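In: from the sequence below, what's the structure:
(chains A and B)
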Amino acid sequence: KAGVTQTPRYLIKTRGQQVTLSCSPISGHRSVSWYQQTPGQGLQFLFEYFSETQRNKGNFPGRFSGRQFSNSRSEMNVSTLELGDSALYLCASRSGRDSGNTIYFGEGSWLTVV
Amino acid sequence: GNSVTQMEGPVTLSEEAFLTINCTYTATGYPSLFWYVQYPGEGLQLLLKATKADDKGSNKGFEATYRKETTSFHLEKGSVQVSDSAVYFCALNSGGSNYKLTFGKGTLLTVNP
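Out: Just a heads-up that it's a prediction; the model follows:
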């Protein structure tokens, strides 16, 4: 069974540009969430989608957005990139039926803003 | 709100030494508790979990017991190997409709031969 797949794995963008990251959850999982990991702030929750609806959102500016498609695949977008957006962006999926609420992570997308 | 506090390290041990990484939490309700591991350049892997008080999670020789009375979930391993070198994150999920993980800051473990 394939795990959570994220693309691209590495990318470099210029300040002011926008970026879209993609995530394919584990087959059968309906929930997808996104986290940002930086050396200074650690791991921070961005948002969660379940059945194409955003159910929860972290404390990030409106430049960070996401969506989920009917096949549960998800994308997140960051507009008007800032140097501080350089981070590892992790996608995670959950079945929605696991009573332990276990969340499984992908390998991440490394974003560098220059 | 929810929070997780773990020893930040770095922790440096010799192979076959005993490992303890402390983790305490603050949460409403009855959270599920997790340990994740991150190897260099990789994403997070679930190491073990516990969903209720007194549960013991275990995997690959690592163990942690959910202690509600002390709000702790300390990670232990009796004999570490060089391949255990990684960053370890303690996390909680308060459950209900709020499916998000709150993480500690991570503990870097280096095991020397």
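In: only C-alpha atoms from now on, for both contacts and neighbour counts.
Out: Fine.
In: gap between B:Leu44 and chain A?
Out: Distance, B:Leu44 to chain A, by C-alpha to the nearest C-alpha, to the nearest Å: 6 Å.
In: wait, what's in contact with the nearest residue to that residue once chain neighbours are set aside?
Out: Excluding its sequence neighbours, the residue lying closest to B:Leu44 (C-alpha to C-alpha, 6 or more residues apart in numbering or on different chains) is B:Gln38, at 4.8 Å. By C-alpha atoms under 8 Å, 6 or more residues apart in numbering or on different chains, the contact set of B:Gln38 is B:44-45, B:86-89.
In: likewise for A:Val19?
Out: So A:Val19 contacts A:13, A:77-79, A:81 (C-alpha under 8 Å, 6+ apart).
In: of those residues, which is the most crowded?
Out: Highest neighbour count within those, by other C-alpha atoms under 10 Å in any protein chain shown: A:Leu81, with 21 neighbours.
In: enumerate every residue touching that one.
Out: Residues in contact with A:Leu81 (C-alpha under 8 Å, 6+ apart) are A:13-19, A:113.
In: cool, and A:Thr5?
Out: A:Thr5 sits next to A:23-26, A:106-107 when contact means C-alpha under 8 Å, 6+ apart.
In: about what we covered before: among the contacts of A:Leu81, which one sits closest to chain B?
Out: Nearest to chain B among the contacts of A:Leu81: A:Val113, at 18.0 Å, using C-alpha to the nearest C-alpha.
In: for A:Leu88, see how far away that closest one is.
Out: A:Val113 sits 12 Å away from A:Leu88, going by C-alpha to C-alpha, to the nearest Å.
In: these two: which has the busier surroundings?
Out: A:Leu88 (23 against 17).
In: SS state for the more buried one?
Out: With DSSP: H, G, I helix; E, B strand; the rest coil as the basis, A:Leu88 sits in strand.
In: and the closest residue to it other than its chain neighbours, its phi and psi?
Out: In space, not counting the residues next to it along the chain, A:Leu88 is nearest to A:Trp110; the distance is 4.5 Å by C-alpha to C-alpha, 6+ apart. Note on A:Trp110: backbone dihedrals following degrees, to the nearest 10 are phi -90, psi 120.
In: can you check A:Val4 too?
Out: Main-chain torsions, A:Val4, degrees, to the nearest 10: phi -80, psi 130.
In: beta partners of residue 75?
Out: Here I'm looking at chain A. When bridges are called by DSSP bridges, A:Glu75 pairs up with A:Ser22, A:Arg67.
In: should've been chain B
Out: Legend: beta-bridge partners of B:Leu75 under DSSP bridges are B:Ile21, B:Ala64.
In: give the contact list for the residue of chain B found nearest chain A.
Out: Across chain B, the shortest distance to chain A (C-alpha to the nearest C-alpha) belongs to B:Gly43, at 4.0 Å. By C-alpha under 8 Å, 6+ apart, the contact set of B:Gly43 is A:90, A:105-108.
In: repeat that for 7 Å
Out: Taking C-alpha atoms under 7 Å, 6 or more residues apart in numbering or on different chains, we find B:Gly43 in contact with A:105-108.
In: and the pLDDT at it?
Out: Looking at B:Gly43, its pLDDT stands at 88.
In: with B:Thr102 instead?
Out: Looking at B:Thr102, the pLDDT reads 92.
In: count of residues packed around it?
Out: The number of residues near B:Thr102, taken as other C-alpha under 10 Å, comes to 23.
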